[in-house]
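Engineer: model the following, please.
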Amino acid sequence: MKDYMQVQAKLNKLRLLMKEKHLDAYLVLSSDFHNSEYVGSYFKCREYLSGFTGSAGSVIVTQSEAGLWTDGRYFLQAEQELSGSGIVLYRMGEENVPKPEEYLKEHLEEGACLGVDGRTISISAYRKLEKKLSRKKISICTNLDLIGELWSDRPQMSCEPVWELDLCYAGKTRAQKLCEVRKELKKKGADGTVISSLEDIAWTLNIRGKDAACTPVVLSFLMISMEDAVWFVQRGAVSEKLIENLKSDGITVQNYQDVYVYLADKLQTESLYLDPEHTSWFLYENARKSSGTILEDPNVTMMLKAVKNAAEIENMRKAHVKDAAACIKFIYWLKKQMQRKAAAVSEEEKKACQITEISAAEKLEEFRQQQEHYLGASFDTIAGYAQHGAIVHYSASADTDAVLEPQNLILVDSGGHYLEGTTDITRTIALGPLTEKQKHHYTLVLKGNLRLAAAKFKYGCAGINLDYLAREAMWKEGLDYNHGTGHGVGYLLSVHEPPNSFRTLVTESRYECMKLEAGMVTSDEPGLYMTGEYGIRLENLILCREAEKNEYGKFMNFETLTLVPFEREAILVQELDECERKWLNEYHAMVFEKVSGCLEEEEKKWLSFVTAPL
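Structural biologist: Numbers count the residues shown, from 1 in each chain. Predicted coordinates for the structure are as follows:
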């Protein structure tokens with residue numbers, strides 16, 4: 001049976017279930033029970049139903065129609081994967097495309113009923129939906145997992161072993177962190193909190209796991225009161241030794257699924273603090289049964305986690321030396337292979353040095369695996385050659401896997417997790433001779449990266465105040481890129497960590513005006529994308545730190561953590577001003593000083609050449 005026929009069969013079965021449950025529509029989200037960025041196979045209900053494998057999207061099914069909403073990263077992929085299924089693609093953000101809640105309001109009759117698994121929809125998302133649908137008295141039923149009823153061969157929920165992060169890497173003990181959390185709760189007027197965010201739980205407890213792709217977290221919930229703490233986790237994932245260690249810090253362990261009953265029947269708090277973005281509506285409804293006042297705001301752990309402590313900072317510097325060694329080895333290898341291919345005469349010689357986007361990404365991973373304490377990729381590598389580089393979140397597949405030629409550019413965006421921290425780097429690499437247009441565009445992007453990295457600013461500024469530095473040179477020529485300039489990065493946690501970011505557009509985000517604090521790590525990644533031709537993005541991670549304090553106040557600046565040279569062959573030196581050239585030469589000198597000792601002799605010679613003063 002063809003894939004699209006399987007999707008149609010699932011839709012028919014779902015509609016029968018909907019009739020049985022008296023539902024007029026059913027909403028299937030991409031989320032797990034924690035609103036995580038990456039979810040395990042157990043939670044991929046939307047993928048199971050629709051066949052669409054992208055990481056973001058929602059499906060709405062009525063008795064007569066079915067639609068999938070996703071963003072621009074996945075338009076091409078979704079169009080291909082939904083072909084013949086009967087599911088209509090709604091391209092989010094495009095003109096005249098309704099939002100899911102608008103579609104439901106328009107297509108459902110007054111007094112209709114919408115179903116959704118309440119464990120997968122956040123408090124804020126539920127309220128947004130409810131506000132729109134209440135105008136037509138459309139009710140929302142949140143206690144039905146219809147996909148779970150249909151999915152007979154559903155994978156088991158991940159239950160990977162939990163491990164403790166040693167103090168030399170964490171920098172603070174669990175007891176210290178719990179004390180900090182309780183102080184913050186007291187400031188907020190709360191006497192307890194339930195944390196659903198897996199990254200925040202892992203940070204608080206100094207534990208890591210493998211229950212989500214690319215993020216070393218553990219499926220769990222954490223209840224913290226002023227007297228004790230309860231960790232709801234799959235018992236099979238936790239060793240007896242860890243349970244005893246947790247007990248000594250005043251933390252008891254209960255089963256993962258027991259959190260809802262505990263909140264409804266056993267929790268007694270006067271004021272409970274919840275994060276509406278990461279807490280599910282189902283958990284919220286249970287908590288309301290036994291709590292007094294419920295206070296809502298971002299997890300108090302968010303800022304504590306975002307500001308890296310001294311040990312974390314020093315470790316992240318070490319991680320970036322290792323990661324730089326892997327990336328430099330990869331770039332050197334890739335260029336040598338392209339030189340061989342350019343010089344090859346016979347087809348056999350050319351085939352011997354053939355590289356594709358996928359095999360290039362695999363080779364980079366191989367170099368990372370050679371580094372001590374490497375634990376895995378922090379996200380799936382983006383390797384986009386030529387026109388594929390112009391697709392911001394391109395993902396190579398067997399159908400699109402382009403063969404690299406000794407010409408044009410390849411954009412490689414990748415990162416890794418080490419015991420010493422998390423990395424994220426993008427380099428755009430010249431595989432052969434470049435045009436003046438390509439060099440000019442590369443230099444524009446480089447200027448943006450350098451200007452932001454060299455920023456000095458008053459304490460109190462947010463990323464939205466600084467984003468212009470990365471775009472100014474491009475804006476002067478009427479050019480731009482349609483993504484943020486930077487995101488926060490966690491310590492051996494999510495590579496995309498709020499609240500710090502660099503972005504230029506005012507949105508509904510609660511984070512965009514959060515001020516930059518010393519100890520925050522943020523990406524600096526301007527880009528330029530020429531559709532059908534090539535893409536350029538240059539990304540370093542930068543550490544916010546205090547610069548000086550005087551009669552005008554406290555000033556801040558950045559330390560660049562990433563240690564990989566920029567593409568010398570693509571830089572038009574005459575287009576750099578004196579400050580940019582000085583900064584770049586100092587950066588390249590630092591790269592050679594810190595990383596050359598990790599390289600083989602030929603690699604070191606090459607690095608010496610590409611980091612020489614411009």
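
Engineer: tell me the buried residues in stretch 434-444?
Structural biologist: For stretch 434-444, burial by neighbour count (16 or more other C-beta atoms under 10 Å) applies to 434, 438, 439, 441, 442, 443, 444. Heads up, the C-betas are built off the backbone N, CA and C, glycines and all.

Engineer: just the residues you listed: which are in helices?
Structural biologist: 438, 439, 441, 442, 443, 444 (DSSP state H).

Engineer: what's the most distant pair in those residues?
Structural biologist: 438 and 444 (10.9 Å; C-beta to C-beta).

Engineer: now, which of the buried residues of stretch 434-444 sits nearest residue 317?
Structural biologist: Out of the buried residues of stretch 434-444, the member with the shortest distance to residue 317 (by C-beta to C-beta) is residue 442, at 27.4 Å.

Engineer: quick one, what contacts the closest one?
Structural biologist: 409, 428, 434, 536, 567, 570, 571 (C-beta atoms under 8 Å, 6 or more residues apart in numbering).

Engineer: ok, of those residues, which one's closest to residue 557?
Structural biologist: residue 571 (23.6 Å).

Engineer: hang on, isn't that closest one packed against residue 614?
Structural biologist: Yes. Using C-beta atoms under 8 Å, residue 571 is in contact with residue 614, at 6.9 Å.

Engineer: follow-up on the earlier one: tabulate the ones in helices among the buried residues of stretch 434-444 in TSV, adding columns for distance to residue 596 and pLDDT.
Structural biologist: TSV is the format used below for those (distance: C-beta to C-beta, whole Å; pLDDT from 0 to 100):
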residue	distance to residue 596	pLDDT
438	29	98
439	27	98
441	30	98
442	24	98
443	26	98
444	29	98
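
Engineer: buried residues in stretch 380-393?
Structural biologist: 380-393.

Engineer: nearest to residue 57, of these?
Structural biologist: Closest to residue 57, out of all of the buried residues of stretch 380-393 and judged by C-beta to C-beta, is residue 393, at 13.1 Å.

Engineer: any idea how far the nearest residue to that closest one once chain neighbours are set aside is from residue 488?
Structural biologist: In this structure, residue 393 finds its nearest non-sequential neighbour in residue 73, 3.8 Å apart by C-beta to C-beta, 6 or more residues apart in numbering. From residue 73 across to residue 488, the span is 20 Å (C-beta to C-beta, to the nearest Å).

Engineer: more neighbours, these two?
Structural biologist: Just comparing residue 73 and residue 488: by other C-beta atoms under 10 Å the higher neighbour count belongs to residue 488, 25 against 18.

Engineer: ok, what's across the strand from that one?
Structural biologist: residue 522 (DSSP bridges).

Engineer: the stretch 501-614 of the chain: strands as residue ranges?
Structural biologist: 501-502, 521-524, 527-530, 534-537, 540-550, 553-560 (DSSP state E, counting those that start in this stretch).

Engineer: now distance to residue 472 too, for these, in TSV please.
Structural biologist: TSV is the format used below for the strands of the stretch 501-614 of the chain (distance: least, C-beta to C-beta, whole Å):
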stretch	distance to residue 472
strand 501-502	13
strand 521-524	14
strand 527-530	13
strand 534-537	17
strand 540-550	18
strand 553-560	17
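
Engineer: could I get these as JSON lines with mean neighbour count, mean pLDDT and distance to residue 111?
Structural biologist: Shown next, in JSON lines, are these (neighbours: other C-beta atoms under 10 Å; pLDDT from 0 to 100; distance: least, C-beta to C-beta, whole Å):
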{"stretch": "strand 501-502", "mean neighbour count": "26", "mean pLDDT": "95", "distance to residue 111": "42"}
{"stretch": "strand 521-524", "mean neighbour count": "26", "mean pLDDT": "98", "distance to residue 111": "48"}
{"stretch": "strand 527-530", "mean neighbour count": "22", "mean pLDDT": "96", "distance to residue 111": "47"}
{"stretch": "strand 534-537", "mean neighbour count": "26", "mean pLDDT": "98", "distance to residue 111": "49"}
{"stretch": "strand 540-550", "mean neighbour count": "18", "mean pLDDT": "97", "distance to residue 111": "52"}
{"stretch": "strand 553-560", "mean neighbour count": "17", "mean pLDDT": "98", "distance to residue 111": "55"}
